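> Below is the sequence, then the predicted model.
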Amino acid sequence: MITILETSALNTVQDLGRPGYRNLGVGSSGVMDPVALQVGNILLANQPGDACIELQTYPFVLRFETATSFTVTGIDADITLDGRPVLPWSVETAAAGQVVRVGPPRKGARGYVCVAGGIDVPVVLGSRSTQLRGGFGGMDGRPLEAGDTLTIAADSTLVSGYGACPPSAIMDDLGDSSDGRVINLRAIPATDYALFTPESHERLWTAEWRITPQSNRVGYRLSGEALRLHHPIELRSYGIVPGIVQVPPAGEPIVQLADANTAGGYPRIATVIEADLWRLGQARIGARIRFHECSHQQGVAAMDPIRSYLDNLRMMVTHYRKSAQRRNGAKSGDKA
Amino acid sequence: MNTDLTRETKRSAGIAPTISMIGTRAMLFEAPGEFTMAQQRRIWALMEAAQARPDVQELIPGVTNLMLVFSQPPEQPQAVADWLRHAWETLPERHIEGRLFEIGVRYGGALGEDLAAVAAHAGLSAQDVISIHHGSEYTVCAIGSAPGFGYLHGLDPRIATPRKAVPSLRMLAGTVTIGGAQAGISALTGPNGWNSIGYTEICQFDPHRTPPALFAIGDRIRFYPESIEL
């Protein structure tokens, strides 16, 4: 079991999301950085869909009431276990009563506290993700509060002392900017692309768009010179998926994300490809974005590096855990 | 090339559907022309046909449109688009024999505070707006936006009212509303730009209920006045 000692309003229990209920008006929810959660679950030999705590505000402090292996992925930050520094992206074992503190990130925006066995809140409509709008899933449909206790699904294996290379270190941001100040995202032109002026097309692909403070898990509002349609259009409500870039009448785009409504009515200029959504999930308010046009085939192929990164990690973790368990087994055998 | 031209001509003439990819894993089919129940019933027919496709993970019917979410990105989106176009042209309308809900409304008062504004916009008395509102039968066209929220078709055009310039900050779930040419019952408590004319105590969505949404596509709704406060 875990007790939350310190948190603020925006930290929630999430898993890979709740697909399959958009036709009932229920958005997918789920982590904003699915790569980081998958890394955490692979490191801990969890199921891919096991739930974690998604952090958006810091510091976050929790106490393990039982001995547990855990990892914090997604960010680079000062993390301590009873005051001793531990590394992000690596597996540690906490003894019962030990306290983990996650400080504000140096890199990235959203941290993922993953525990061996996964966070065990009730599964609602096929997922443990918090659906904030609907008020269900996760911890009673609400963000975590100090004093909350969370159950961990039973797992007795305590293996630690290994970790993963962060995906950002392995998978190059495709862009030319190596200083990391601009986040490069690939996007495919969407339904209403042709209805925008040529100047707006040019601007979409060349401008640096700033992520405004009105950005959250629902979507990121970007600021920059307005994108214009040839003529105003009225659209009927249509389905929304994460990544879709809408342009409201004022002309500044919104990228819809994990907690987006299931239906919308603004013109759609483009969609950020699925393979790049995790980069957006780690983008901070104030950061700048550049969109790069890509084709369907390029968008599909872009998932390959993520898949092979996760496959390699899975293989290495399996090897490491097997040999660690053999060593541990041999030790207890020696004693007997 | 020739067929593309024909298609483009048909589209600009408003008689051919628009099909587009939303990222690599979703495709949006939009019916041409104005909203009619007949077009909506063709969307339902398309939805039913698409349900049988093994590559489809989710189907999201909207107002005269349908979004398909695939479990894997399609290798040939064009082939899926052709299939949709053919199905659209050949399938008969799908008449859904929905259930009839009779819903009691407390019209006016603090929970229907925009009744006077709707009446003023329509140039009618508040009493007339109420009579016209519960005089029609409504059909659930699509569910979306919020969990369980039904887009209701059937509003008498005389009381159609544009959305409010300044949304209510905390409209209660269960508020009976008018947004443009559509009617609805708000599904969540929160900010809302539709005009409130009354209130009903129904729960449109409960994740622990089967099915979780009270309304389904094709259901019909009749309102009746439980009380009126002018």
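Yep, that arrived. Numbering: from 1, shown residues only, chains lettered A, B, ... in the order given.
> hey, let's count contacts and neighbours off CA atoms from now on
Noted.
> Excluding chain neighbours, what is closest to whichever residue of chain B sits closest to chain A?
Proximity to chain A, evaluated over chain B using Cα to the nearest Cα, is greatest for residue B:144 at 3.7 Å. Spatial nearest neighbour of residue B:144, excluding adjacent residues (Cα to Cα, 6 or more residues apart in numbering or on different chains): residue A:25 at 3.7 Å.
> for stretch B:196-209, which positions count as buried?
Going by neighbour count (16 or more other Cα atoms under 10 Å in any protein chain shown), the buried part of stretch B:196-209 is B:196-200, B:203-205, B:207.
> typo on my end, stretch A:308-322
Buried, per 16+ other Cα under 10 Å, within stretch A:308-322: A:309-310, A:313-314, A:316-318, A:320-321.
> I'd like to know which residues of chain B are adjacent to chain A.
Contact residues, chain B versus chain A (Cα under 8 Å from any Cα of the partner chain): B:19-24, B:26, B:57-67, B:73, B:75, B:142-149, B:188, B:207-208, B:213.
> shaky segments in the stretch 51-200 of chain A?
Scanning the stretch 51-200 of chain A for pLDDT under 70 picks out the ranges A:155-156, A:173-180.
> Residue 88 - how many residues pack around it?
No chain was given, so I picked chain A. Using other Cα atoms under 10 Å in any protein chain shown, residue A:88 has 25 other residues around it.
> wrong one, chain B
The tally of other residues near residue B:88 (other Cα under 10 Å) stands at 20.
> ok, for it, nearest residue in space, not its chain neighbours?
Distances taken as Cα to Cα, 6+ apart place residue B:46 nearest to residue B:88, at 6.3 Å, with adjacent residues excluded.
> and residue A:49, how many neighbours does it have?
Residue A:49 has 16 nearby residues by other Cα under 10 Å.
> so it is in which element?
Here residue A:49 is covered by no helix or strand, with elements defined by DSSP states H and E.
> What does the pLDDT read for it?
Predicted confidence (pLDDT) for residue A:49: 95.
> tell me the SS of the residue nearest to the spatial centre of chain B?
Closest to where the C-alpha atoms of chain B average out (Cα atoms, centre = their mean) is residue B:151, at 2.9 Å. Of the three states, residue B:151 takes strand according to DSSP: H, G, I helix; E, B strand; the rest coil.
> do the same with residue A:203
Secondary structure state of residue A:203, per three-state DSSP, is helix.
> what does residue A:117 give?
Strictly by three-state DSSP, residue A:117 counts as coil.
> Please name the residues that touch it.
Neighbour list for residue A:117: A:44, A:46-47, A:50, A:152-155 [criterion: Cα atoms under 8 Å, 6 or more residues apart in numbering or on different chains].
> How many neighbouring residues does the residue in chain A that chain B sits nearest to have?
Using Cα to the nearest Cα, the closest approach of chain A to chain B is made by residue A:25 at 3.7 Å. Neighbour count for residue A:25, taken as other Cα under 10 Å: 25.
> which secondary element of chain B has the worst mean pLDDT?
Taking mean pLDDT, DSSP states H and E as the measure, chain B has helix B:2-12 as its least confident helix or strand, at a mean of 52.
> CA atoms only for whichever helix or strand comes after it, dumped as PDB, please.
Next along the chain after helix B:2-12, taking DSSP H and E as the criterion, comes strand B:18-22. What follows is strand B:18-22, C-alpha atoms only, in PDB (Å, rounded to 0.1, in the frame of the first residue of the first chain):
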ATOM      1  CA  THR B  18     -15.900  13.900 -47.700                       C
ATOM      2  CA  ILE B  19     -13.600  11.200 -46.400                       C
ATOM      3  CA  SER B  20     -10.400  12.200 -44.600                       C
ATOM      4  CA  MET B  21      -7.700  10.700 -42.300                       C
ATOM      5  CA  ILE B  22      -7.300  12.000 -38.800                       C
END
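> still on that earlier bit, inside strands: which ones of the residues of chain B next to chain A?
B:19-22, B:26, B:57-61, B:65-67, B:142-143 (DSSP state E).
> Could you count how many residues lie near residue 98?
Unless you meant another one, I'm taking chain A. Number of residues near residue A:98 (other Cα under 10 Å) recorded here: 17.
> Chain B is the one I meant
Residue B:98: 15 neighbours (other Cα under 10 Å).
> cool, and residue A:171?
By other Cα under 10 Å, the residues close to residue A:171 number 11.
> tell me the phi and psi of it?
Phi and psi for residue A:171, reported as degrees, to the nearest 10, are phi -100, psi 110.
> How about the contacts made by it?
Residue A:171 neighbours (Cα under 8 Å, 6+ apart): A:305-306.
> for residue A:222, same thing?
A:209-212, A:252-255.
> Could you rerun that using 10 Å?
By Cα atoms under 10 Å, 6 or more residues apart in numbering or on different chains, the residues touching residue A:222 are A:208-215, A:245, A:247, A:251-255, A:285-289.
> cool, residue B:117 as well?
Residues in contact with residue B:117 (Cα under 10 Å, 6+ apart) are B:123, B:126, B:161, B:164, B:195-197.
> okay, who's weakest in the residues you listed by pLDDT?
Among the contacts of residue B:117, residue B:164 has the weakest pLDDT, 87.
> nearest spatial neighbour of that residue, skipping sequence neighbours?
Per Cα to Cα, 6+ apart, closest to residue B:164 is residue B:193, 5.2 Å.
> Can you say which of the ones in strands among the residues of chain B next to chain A are buried?
Neighbour counting over those (16+ other Cα under 10 Å) leaves B:19-22, B:26, B:57-61, B:65-67, B:142-143 as the buried ones.
> from those, which is closest to residue B:97?
Nearest to residue B:97 among these is residue B:142, at 14.7 Å by Cα to Cα.
> surely that closest one meets residue B:184?
No. Between residue B:142 and residue B:184 there is no contact under Cα atoms under 10 Å: 11.1 Å.
> Name the residues contacting each of these two.
With Cα under 10 Å, 6+ apart as the test, residue B:142 and residue B:184 both reach B:149-153.
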